[in-house]
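A.B. asks: Provided below for reference: sequence and predicted model.
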Protein chains: 2
Amino acid sequence: MSNKGRTEIATLGEFGLIRHLTDQLELKNDSTVKGVGDDAAILSYASKQVLVTTDLLLEGIHFDLTYVPLKHLGYKSAVVNFSDIYAMNGQPKQITVSLGISKRFSVEDLDAFYSGVKLACDVYGVDIVGGDTSASLTGLCISITCIGEGESGRIVCRDGAKETDLICVSGDLGAAYMGLQLLEREKRIFRGEKDFTPDFAGKEYLLERQLKPEARKDVIEMLRNADIVPTAMMDISDGLSSELLHISHASHVGCRIYEDRIPIDYQTAVMAEQFNMNLVTAALNGGEDYELLFTVPLSEHDKVSEMKGIKVIGHITKPELGNYLVGRDGGEVELKAQGWNSLSE
Amino acid sequence: MSNKGRTEIATLGEFGLIRHLTDQLELKNDSTVKGVGDDAAILSYASKQVLVTTDLLLEGIHFDLTYVPLKHLGYKSAVVNFSDIYAMNGQPKQITVSLGISKRFSVEDLDAFYSGVKLACDVYGVDIVGGDTSASLTGLCISITCIGEGESGRIVCRDGAKETDLICVSGDLGAAYMGLQLLEREKRIFRGEKDFTPDFAGKEYLLERQLKPEARKDVIEMLRNADIVPTAMMDISDGLSSELLHISHASHVGCRIYEDRIPIDYQTAVMAEQFNMNLVTAALNGGEDYELLFTVPLSEHDKVSEMKGIKVIGHITKPELGNYLVGRDGGEVELKAQGWNSLSE
C-alpha cells in the first residue's frame, strides 16, 4: 500500500471502480456467454455438469497484509478456489470476485490485487464473470466463487474410497506451513528493530508455497492421460490428517498411512529442525498445501507408482480398523483433525 | 443476540458448525445433483443456461444489527440475490452461503440467521448447496452467490432497450428507504431514553419493505403467462434513477419518465411529509426496492397496461435526447445516479 500515485477509491465510486477493474477482461471459455456487467453472468454448460465452490478470506484471519503482497493475495485467493474444482476432477472455468474494502486501500492497491487474480485466471484459463464491491468498516474481505465443469461419471467426490484402495498424495506437505512460521518470525523480529532485512535466503521454496501456491491442474491432466478416475479426492487445505478423516467418514472406511511415505521437502525439514518443531506433525496438520489427496483401486498401483510427483502413502481399510499413522518404528498413532480451524478456541 | 441458551461457536468448531447448520437441508431442484459436503457442489443444467450472481453484505455498511433481526437479515440476504436472477428473466435454483462471524455471535444467532435463509429458499424454491464459514475479527460478513437457470433466447439483459419502448416498473418505490429512515430515527431516540417503545404504528408496510423485502417472482410469471419477453430488465436495488441510467448506457438510448406515473405507496408519502423529505427524490434514489424495472416494445402497451401492479412510467428515446424526469408542471429534470453507493465520499 504505497502512497505514491495513490488514487482514492471514492473518486471512482462503486460503478467507476468496477469499470476500472473489469474494463479489459477478456473471456476465454466457450461456456462463458456473458461476463461482468449485468445483474447476473450467463453461462452455458449444455453437455457438462456444473461445479460450484466458494471461499471467504478475511484480513487478520486468513492473511496478514504486513507481509503478504496484494498481488500474491489476489493470485492465491483465485488459486485456492481452482484447487477445489480440480479436487472434484473438474476444470475451473469462471469466477466471481467480491471485495469489501476499507478506506486505507487505494485504487492502485486494488489494481495490484486484481492483477494477481487476473494472472491466476490467465494461467489456469478461467474467466472473471462478476462480483461485488463494497466499503468495509474494517479490514479487507475477499469472497470468491468458482464455477467449473465436470464430466458426468468422472466427477470425484469424497465418499467413494473402498477397502484396499491406495491413498496417494501429490507434491510435498508442510512447506506452506513452514513458510508461514518463517514470515511470522521475521515479522516479530522486524517489530523490535529499525534497520531490518528479513532472512529468507535458502528458504524461497517455503515462502513460495505460502505466498503463491499453485493448484494441481497438472495432476488432473496426468490422471486423465493415464485413464485413472480416483475413487475419492480432496485438496489438502486444512492438513492431510483432517482431509483424510473427511474421506474416511464420507466413505465409511478406515485408513493406514505410513510416516516414511509422507512426502516432505528438504527445506521443510531444515526449517522444522530450526524451529524445533515435529516435522511429521507439520506435514500432517500444517495445511494450505493445496496438493491433491486421492484414492485409487489397488489395480492402479503400477500406474500411480510411475506418476511423477505422486506418492502412495497408505491404503484404505475396513472402518472398524480406524484411522492411523504407522510410524517408522511400526508404532501406530491415531489420526486427529488438528488442522487449522478459525472457529476453534 | 440473546444470552439465554447461548452456545459458543467454538464448542462446535468449523466443521461441527457447518454440519449443525446444513444437516437438515433438503434439495428441491432437479438441477442440484449434490449439495453441501464436498469440495464443490455438482449441478446439472443440460438444456438451460446458467445464471450466476453474487452479493457481499457487511455489518455497519449494509445492515445494522441494533434493529435488524438476524432471521430477517438471513431472509433478505437470500432474497436480494434471487432478485438479480429474476431480473435476468431467470429462475434462482441454488445458493452458496459464506459467513464471517465474530465472537459475539452464538450458535443460536447463526441458527436464527440460517432459519431466515432457509425460509427464503423454501418460499422461492432454491437449494442451499455450499458455502464457507470463518471467524471474523470484526463484524458479521455475509457473501451469497446465487445460481439460476435461464432459457436460451428468453434471458433479458440491460442492453436491449430500443427507441419507443415503454418503461415499466412493478410495485411501488421509496418505501424501503423510508423504512430505513424510520428505523434510524427510532434508534437515535432510543439512545437517549430509558423506557423506550419505538413508534411504528401505521408504518408496518415501510418496515416490511426494509426488513423483509420480496423478489418479484410473480412478475416474471405474469410476463411469461402474457408471453412478453422484456427488451431490457433490472431489479431496483440502488434506486430507479441509477438503474434507468444503467439501461440507457448499456442500450445506447435515452429516456423520459413522468413524475405523475411513479408508483408511490400512501405510507411512503406520509412518512416523507413527516421527515420533510422530497417524495420524488426518495422514490427515484432511495434504493432497496427490489422491484423490477423493464422495457417492452410499444406494441405490448395493452398487455402491460392490464397487468396488476405494473405501471408504465415513461418511454425510451434516441440517445441524444438524454435521460429526463418530466415533472407534473411539464418541466424536465435530468436524471442523475444519486443512489446509495458505499464507496463514495
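C.D. replies: Yep, that arrived.
A.B. asks: quick one: the helices in the stretch 51-200 of chain A?
C.D. replies: Along the stretch 51-200 of chain A, counting by DSSP state H, counting those that start in this stretch, helices occupy A:70-86, A:107-124, A:175-192.
A.B. asks: how distant is the first one from the center of its chain?
C.D. replies: Helix A:70-86 has its C-alpha centroid displaced from the chain centroid by 6 Å (CA atoms, centre = their mean, to the nearest Å).
A.B. asks: Alpha carbons of it, as PDB, please.
C.D. replies: Taking C-alpha atoms only, helix A:70-86 is exported to PDB below (Å, rounded to 0.1, in the frame of the first residue of the first chain):
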ATOM      1  CA  LEU A  70      -1.600  -7.700  -2.600                       C
ATOM      2  CA  LYS A  71      -0.800  -9.200  -6.000                       C
ATOM      3  CA  HIS A  72       0.200 -12.500  -4.300                       C
ATOM      4  CA  LEU A  73      -3.000 -12.400  -2.300                       C
ATOM      5  CA  GLY A  74      -5.100 -12.000  -5.400                       C
ATOM      6  CA  TYR A  75      -3.300 -14.900  -7.100                       C
ATOM      7  CA  LYS A  76      -3.700 -17.100  -4.000                       C
ATOM      8  CA  SER A  77      -7.400 -16.200  -3.500                       C
ATOM      9  CA  ALA A  78      -8.200 -17.300  -7.000                       C
ATOM     10  CA  VAL A  79      -6.000 -20.400  -7.000                       C
ATOM     11  CA  VAL A  80      -7.400 -21.900  -3.700                       C
ATOM     12  CA  ASN A  81     -10.800 -21.900  -5.400                       C
ATOM     13  CA  PHE A  82      -9.500 -23.500  -8.600                       C
ATOM     14  CA  SER A  83      -8.000 -26.200  -6.300                       C
ATOM     15  CA  ASP A  84     -11.400 -27.100  -5.000                       C
ATOM     16  CA  ILE A  85     -12.700 -27.600  -8.600                       C
ATOM     17  CA  TYR A  86      -9.700 -29.800  -9.600                       C
END
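A.B. asks: Out of the helices of the stretch 51-200 of chain A, which gets the lowest mean score?
C.D. replies: Comparing mean pLDDT across these, the weakest is helix A:175-192, with a mean of 87.
A.B. asks: ok, then the element right after that helix?
C.D. replies: Remark: after helix A:175-192, the chain's next helix or strand is helix A:204-211, criterion DSSP states H and E.
A.B. asks: Packing partners of that following helix?
C.D. replies: Judged by 3 or more CB pairs under 8 Å, 6 or more residues apart in numbering or on different chains; DSSP states H and E, helix A:204-211 is in contact with helix A:175-192, helix A:266-275. For glycine as for every other residue, the C-beta is placed from the backbone atoms N, C-alpha and C.
A.B. asks: which residues sit against it?
C.D. replies: If you take CB atoms under 8 Å, 6 or more residues apart in numbering or on different chains as the criterion, helix A:204-211 is touched by A:68-69, A:72, A:76, A:175-180, A:182-183, A:200, A:265, A:267-268, A:271, A:288-289.
A.B. asks: run the last query once more with 7 Å
C.D. replies: By CB atoms under 7 Å, 6 or more residues apart in numbering or on different chains, the residues outside helix A:204-211 that reach it are A:68, A:72, A:175-176, A:178-180, A:182-183, A:200, A:265, A:267-268, A:271, A:288.
A.B. asks: Could you tell me which of the residues you listed count as buried?
C.D. replies: Buried members of the contacts of helix A:204-211, counted by 16 or more other CB atoms under 10 Å in any protein chain shown: A:68, A:72, A:175-176, A:178-180, A:182-183, A:265, A:267-268, A:271, A:288.
A.B. asks: Out of the residues you listed, which comes closest to A:Gly139?
C.D. replies: Each of those was checked against A:Gly139 using CB to CB; the closest is A:Val68, at 12.3 Å.
A.B. asks: got a list of what the closest one touches?
C.D. replies: With contact taken as CB under 7 Å, 6+ apart, A:Val68 is in contact with A:Leu211.
A.B. asks: pLDDT score for it?
C.D. replies: We have a pLDDT of 93 for A:Val68.
A.B. asks: One more: A:Gly202?
C.D. replies: 85.
A.B. asks: Which residue, neighbours along the chain excluded, lies closest to it?
C.D. replies: Nearest in space to A:Gly202, with sequence neighbours left out and distances taken as CB to CB, 6 or more residues apart in numbering or on different chains, is A:Gln267 at 7.2 Å.
A.B. asks: doesn't A:Ile236 make contact with A:Glu243?
C.D. replies: Yes - under the criterion of CB atoms under 7 Å, A:Glu243 makes contact with A:Ile236 at 5.2 Å.
A.B. asks: overlap in contacts of the two?
C.D. replies: Residues touching both A:Glu243 and A:Ile236 by CB under 7 Å, 6+ apart: A:Leu293.
A.B. asks: where along the stretch 1-150 of chain A do the strands fall?
C.D. replies: A:32-34, A:41-44, A:49-58, A:91-101, A:127-135, A:141-150 (DSSP state E, counting those that start in this stretch).
A.B. asks: What's the mean pLDDT across the fifth one?
C.D. replies: This means strand A:127-135. pLDDT averaged over strand A:127-135 gives 89.
A.B. asks: other SSEs contacting that strand?
C.D. replies: Secondary-structure packing of strand A:127-135 (3 or more CB pairs under 7 Å, 6 or more residues apart in numbering or on different chains; DSSP states H and E): helix A:13-22, strand A:91-101, helix A:107-124, strand B:49-58.
A.B. asks: how about A:Leu335, what does it touch?
C.D. replies: Neighbouring residues of A:Leu335 by CB under 7 Å, 6+ apart: A:Ser241, A:Leu244, A:Leu245, A:Asn323, A:Tyr324, A:Leu325.
A.B. asks: just A:Gly322 next, same as before
C.D. replies: Residues in contact with A:Gly322, defined by CB under 7 Å, 6+ apart, are A:Gly254, A:Glu334.
A.B. asks: could you redo the last one with a cut-off of 10 Å?
C.D. replies: Residues near A:Gly322 by CB atoms under 10 Å, 6 or more residues apart in numbering or on different chains: A:Ser248, A:Gly254, A:Cys255, A:Arg256, A:Glu332, A:Glu334, A:Leu335.
A.B. asks: Which one of those residues is nearest to B:Gln49?
C.D. replies: Distances from B:Gln49 to the contacts of A:Gly322, taken as CB to CB, are shortest for A:Ser248 (38.6 Å).
A.B. asks: Run a quick neighbour tally on A:His301.
C.D. replies: Neighbours of A:His301 under the rule other CB atoms under 10 Å in any protein chain shown: 12.
A.B. asks: for A:Ala232, same thing?
C.D. replies: Here the count is done by other CB under 10 Å, and A:Ala232 has 25 residues near it.
A.B. asks: List the contacts of it.
C.D. replies: Counting by CB under 10 Å, 6+ apart, A:Ala232 touches A:156-162, A:165, A:167, A:246-248, A:250-251, A:253, A:293-296, A:316, B:38.
A.B. asks: Repeat the analysis, applying 7 Å as the threshold.
C.D. replies: Contacts of A:Ala232 were listed using CB under 7 Å, 6+ apart, and they are A:Val156, A:Cys157, A:Arg158, A:Asp159, A:Gly160, A:Ala161, A:Ile247, A:Ser251, A:Phe294, A:Thr295.
A.B. asks: Look up how far B:Asp39 lies from it.
C.D. replies: 11 Å (CB to CB, to the nearest Å).
A.B. asks: can you pull the contacts of the residue nearest to A:Gly202?
C.D. replies: Applying CB under 7 Å, 6+ apart to A:Gln267 gives the contacts A:Ala175, A:Lys203, A:Tyr205, A:Leu206.
A.B. asks: farthest pair in those?
C.D. replies: A:Ala175 and A:Lys203 (9.8 Å).
A.B. asks: Farthest pair within the contacts of A:Gly322?
C.D. replies: Taking every pair in the contacts of A:Gly322 and measuring CB to CB, the maximum separation is 15.0 Å, between A:Ser248 and A:Glu332.
A.B. asks: out of these two, which sits in the more crowded spot?
C.D. replies: A:Ser248 (21 against 11).
A.B. asks: next SSE after the helix or strand containing the more buried one?
C.D. replies: Per DSSP H and E: A:Ser248 is located in helix A:240-251. With elements assigned by DSSP H and E, the helix or strand that comes after helix A:240-251 is strand A:254-258.
A.B. asks: Cool, thanks, signing off.
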